[in-house]
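*Asks:* just coords:
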Ligand code: MRU
């Protein structure tokens, strides 16, 4: 089950439609960057690294459109598309990180030939894709040492292969622990309102025979109180210079409860999720989504019509609650304001 795939020769991107999972495995064929932008907006493709890679290919699609023209005209066209793609979801920094990488490559290229420029951009999109998979495998290796031989892990949302170009971050750590011969079992929070835990994490783990137990979000505290969890591992959408972590709404509550029960709380994310330009989590733009995601499910009304709703898609977990941040370049421990920088800026 590929999350996204570029069809060479057809110049088109296929995205697994995650809104249909687990019931249906269908792909959305994107031949215009606007198809990719819509797929990101509606969460057909979701998860910070996956939307970064999808947006990169989306920008390549923009490069294929229109009159070739001069280098300036070409760049103006792809920059407009990059702005549109970047505006689809504000919280995960991987999106603008990937777009900036492609634009930088195109601007720096010696050639003025638009066809050569788009080949350069396509090569960079492939690099982002492959780097993500290999980076996630390294996250897995660095992270699996924190899982006991018969470790019971609680996770939130989906930070698996479906949220990345492959393998996953938090679920990558779990996969690596399994591959290291550990008897790891997982509790998956269902993750209201869009149920990424129930629909996606449970599906990924079941398909690989990794023992998984689904719980509703409000069961996590009691699960910890009963001593049924050894550690919590989640992914991230943006990590600031001081180690604050934006991730799926509900993550903060889990971190507070983990602290209260003396349970380690780990964040697994590639360095492309770290945004050193922001000092703290207060500066992270938090996406607010449509109220119908809370009031409806599967077209069915769950709340009285007209009720007021607040629907932030993410929250911010302060660094003081994070035991360690597992990246593709190694593990950062507190003080994060010193140690994250060391990891990111190393050669
Ligand atoms: O709204 P989503 O489904 O895109 O949110 C996804 C998450 O919050 C993930 O935990 C995060 O992006 C990390 S994915 C490796």
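*Replies:* Arrived safely. If you're wondering where the values come from, they're calculated on a predicted model, not measured in any experiment.

*Asks:* what about stretch 201-211, start to end distance?
*Replies:* 11 Å (CA to CA, to the nearest Å).

*Asks:* mind listing what's buried in it?
*Replies:* When burial is assessed from 16 or more other CB atoms under 10 Å, stretch 201-211 yields the following buried residues: 201, 202, 203, 204, 205, 210. Placement of C-beta: from N, CA and C, glycine included.

*Asks:* Validate this expectation: the first one resides in a helix.
*Replies:* When you say that, I think you mean residue 201. Yes: according to DSSP: H, G, I helix; E, B strand; the rest coil, residue 201 belongs to a helix.

*Asks:* tell me the contacts of it?
*Replies:* Shown in contact with residue 201 (CB atoms under 8 Å, 6 or more residues apart in numbering): 155, 157, 158, 160, 171, 186, 188, 191, 212.

*Asks:* Next step: the residues you listed restricted to helices.
*Replies:* Using DSSP state H, the subset of the contacts of residue 201 located in helices is residue 171.

*Asks:* Dump the buried residues of stretch 201-211 to TSV, plus distance to residue 126 and pLDDT.
*Replies:* Shown next, in TSV, are those (distance: CB to CB, whole Å; pLDDT from 0 to 100):
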residue	distance to residue 126	pLDDT
201	27	98
202	31	98
203	27	98
204	24	98
205	28	98
210	29	98
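
*Asks:* Tell me which two of these sit farthest apart.
*Replies:* 203 and 210 (11.4 Å; CB to CB).

*Asks:* State the distance from residue 336 to residue 133.
*Replies:* Using CB to CB, to the nearest Å, residue 336 is found at 26 Å from residue 133.

*Asks:* Which one of those two is surrounded by more residues?
*Replies:* Ranked by neighbour count (other CB atoms under 10 Å), residue 336 and residue 133 place residue 336 first, with 23 against 17.

*Asks:* ok, that one touching residue 245?
*Replies:* No: with contacts counted by CB atoms under 8 Å, residue 336 stays clear of residue 245, the gap being 9.6 Å.

*Asks:* Now for these two: what residues contact both?
*Replies:* Contacts common to residue 336 and residue 245, judged by CB under 8 Å, 6+ apart, are 319, 322, 325.

*Asks:* from the residues you listed, which is closest to the ligand?
*Replies:* Checking the shared contacts of residue 336 and residue 245 against the ligand by CB to the nearest ligand atom gives residue 325 as the nearest, at 12.6 Å.

*Asks:* Spit out the contact partners of residue 114.
*Replies:* So residue 114 contacts 63, 68, 69, 71, 74 (CB under 8 Å, 6+ apart).

*Asks:* Narrow those residues to those that are buried.
*Replies:* Applying 16+ other CB under 10 Å to the contacts of residue 114, the neighbour count classes 63, 71, 74 as buried.

*Asks:* Which strands or helices does the helix or strand hosting the last one pack on?
*Replies:* Pointing back at residue 74 there. Using DSSP states H and E, residue 74 maps to helix 71-86. Here helix 71-86 touches helix 33-41, helix 48-64, helix 94-108, helix 114-144, going by 3 or more CB pairs under 8 Å, 6 or more residues apart in numbering; DSSP states H and E.
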